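1. predicted model and sequence follow; I will ask about them next.
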Amino acid sequence: MNITVFGGSGFIGKNLVESPMLNAEIQGVSLRDASWKKTAESADIMINLVGKAHDHQGTASEEDYYFANVELVKEIFDVFIQSDAKLLIHISSIAAVEEFESEEPLREDSVCHPFSPYGKTKKQAEEWLMQQILPENKKVIILRPPMIHGPGDKGNLGLLYKIISKGLPYPLASFDNSRSFLSISNFCFFISAIIKNENQMETGIYHICDDEPVSTKDIINIIKKVTNKKSPNLSVPKILIQGIAKAGDILPLPINTKRLKKMTGSLLVSNEKMKKALKITNLPASAHEGLENTIKSFG
């Protein structure tokens with residue numbers, strides 16, 4: 001079996017290409033390579049990781065997002081249709097549904113409220129793919145993960161690690177939340193299980209995440225455990241933190257309103273549909289185990 005991973009040079013792609021869970025010939029393909037379409041022709045399965053994620057510096061235009069998250073998806077789909085590949089796994093994002101807060105677990109039929117150009121274009125790509133007519137021998141599986149983390153991750157977990165590992169007090173203890181994450185090991189497990197059991201699955205959209213949600217306080221405690229730091233937690237008044245975050249929307253501060261919402265808001269995701277389709281009871285790694293592995297890699 002030949003698996004082609006579009007976007008194989010990124011954080012997720014490198015981990016997927018090197019994963020021992022996928023017992024197959026795997027090649028990462030860059031769309032910057034002029035011959036990528038010809039290279040992909042021999043694939044039995046295609047996995048699309050290409051896309052533009054959140055732009056915290058604010059330098060990307062809406063056109064940049066549309067090109068990376070919609071137009072390139074259309075090109076990859078055209079190659080998929082013309083090839084002998086039977087399965088296209090497209091990695092979307094839970095941001096296509098909700099980007100900041102949801103107290104109830106988000107399901108595949110939840111009403112979508114994408115906010116940013118990232119979330120909106122991810123949703124546009126999903127809608128376009130679901131409108132396409134597929135030959136009987138081909139399937140398209142669209143996956144919506146929350147934040148994926150693991151060795152090489154440079155997201156908000158890294159920011160928390162820098163604060164706690166230096167022994168600095170954590171100033172957001174007044175916020176109480178619960179969020180769904182996805183460790184890279186569980187991500188690779190889902191991909192492997194889909195490939196092995198694709199006959200059991202139907203074309204459509206599926207949410208994937210760790211089984212257990214965790215709070216930011218849980219993550220702080222894991223960082224303290226890994227780094228052996230005993231820095232205090234400070235319950236700074238929420239209104240003060242929110243004011244600083246608003247200033248960060250204008251000034252080059254380490255926190256702004258979007259980052260604050262992601263660090264302190266609750267965003268829950270349900271993976272029941274996927275687990276039922278694959279007949280999975282438990283994932284290989286718990287949410288805490290996955291986070292601990294990621295945090296250890298920061299040292």
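-> Yep, that arrived.

2. give me the neighbour count for Pro232.
-> Using other C-beta atoms under 10 Å, Pro232 has 10 other residues around it. In short, each C-beta sits where N, CA and C put it, glycine included.

3. doesn't Gly167 make contact with it?
-> No: with contact defined as C-beta atoms under 8 Å, Pro232 does not count as touching Gly167 (9.5 Å).

4. against Leu72, how distant is the residue nearest to Ser42 when sequence neighbours are not counted?
-> Nearest non-adjacent residue to Ser42, counting by C-beta to C-beta, 6 or more residues apart in numbering: Asn2, 5.6 Å away. To Leu72, Asn2 is 21 Å away according to C-beta to C-beta, to the nearest Å.

5. please identify which of the two sits among more neighbours.
-> Each of Asn2 and Leu72 has its neighbours counted (other C-beta under 10 Å); Leu72 has more, 19 against 15.

6. the more buried one: what's it in contact with?
-> Leu72 makes contact with Leu31, Val50, Gly51, according to C-beta atoms under 8 Å, 6 or more residues apart in numbering.

7. mind checking which helix or strand Leu268 is in?
-> Counting by DSSP states H and E, the element that carries Leu268 is strand 267-269.

8. export the helix or strand that comes right after that strand to CSV, keeping only CA atoms.
-> Downstream of strand 267-269, the next assigned helix or strand under DSSP H and E is helix 272-278. Taking Å, rounded to 0.1, in the frame of the first residue of the first chain, the C-alpha atoms of helix 272-278 are listed here in CSV:
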residue,chain,number,x,y,z
GLU,A,272,-18.2,9.3,19.5
LYS,A,273,-19.1,9.0,15.8
MET,A,274,-15.6,8.1,14.9
LYS,A,275,-15.1,5.6,17.7
LYS,A,276,-18.4,3.9,16.8
ALA,A,277,-17.5,3.7,13.1
LEU,A,278,-14.1,2.1,13.9
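
9. and helix 272-278, what does it pack onto?
-> helix 184-196, strand 204-207 (3 or more C-beta pairs under 8 Å, 6 or more residues apart in numbering; DSSP states H and E).

10. check which residues of stretch 285-299 are buried.
-> Ala285, Ser286, Ala287, His288, Glu289, Gly290, Leu291, Glu292, Asn293, Thr294, Ile295, Phe298 (16 or more other C-beta atoms under 10 Å).

11. now the host helix or strand of the fifth one: mean pLDDT?
-> Under the assignment given by DSSP H and E, the secondary-structure element containing Glu289 is helix 287-298. Along helix 287-298, the predicted confidence averages to a pLDDT of 93.

12. any chance of the helices and strands packed on helix 272-278 in CSV, plus mean neighbour count, mean pLDDT and distance to Val79?
-> Formatted as CSV, the helices and strands packed on helix 272-278 follow (neighbours: other C-beta atoms under 10 Å; pLDDT from 0 to 100; distance: least, C-beta to C-beta, whole Å):
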stretch, mean neighbour count, mean pLDDT, distance to Val79
helix 184-196, 21, 95, 19
strand 204-207, 20, 98, 21
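
13. so for Ile280, which of these sits nearest?
-> Nearest to Ile280, of all those, is helix 184-196, at 6.6 Å by C-beta to C-beta.

14. quick one: the closest one to chain centroid distance?
-> Offset of helix 184-196 from its chain centre (C-alpha atoms, centre = their mean, to the nearest Å): 13 Å.

15. who touches that helix?
-> Contacts of helix 184-196 (C-beta under 8 Å, 6+ apart): 1, 3, 11-12, 15-16, 19, 21-22, 24, 45, 47, 87, 89, 141, 143, 145, 148-151, 153, 201, 208, 210, 274, 278, 280, 283-285, 290, 293-294.

16. rerun that using 6 Å as the cut-off
-> Defining contact as C-beta atoms under 6 Å, 6 or more residues apart in numbering, one finds that helix 184-196 is touched by 15-16, 19, 21-22, 148, 150, 208, 210, 278, 283-285.

17. try stretch 39-47
-> Taking C-beta under 6 Å, 6+ apart as the rule, stretch 39-47 contacts 1-5, 29, 79-80, 83, 85, 87-89.

18. quick one: neighbours of the nearest residue to Glu272 once chain neighbours are set aside, just the number.
-> Among residues not flanking Glu272 along the chain, Arg107 sits closest, at 7.6 Å (C-beta to C-beta, 6+ apart). Counted with other C-beta under 10 Å, the neighbours of Arg107 add up to 13.

19. do the same with the one 10 residues further on
-> One way to gauge burial is a neighbour count; for Pro117, by other C-beta under 10 Å, it gives 19.
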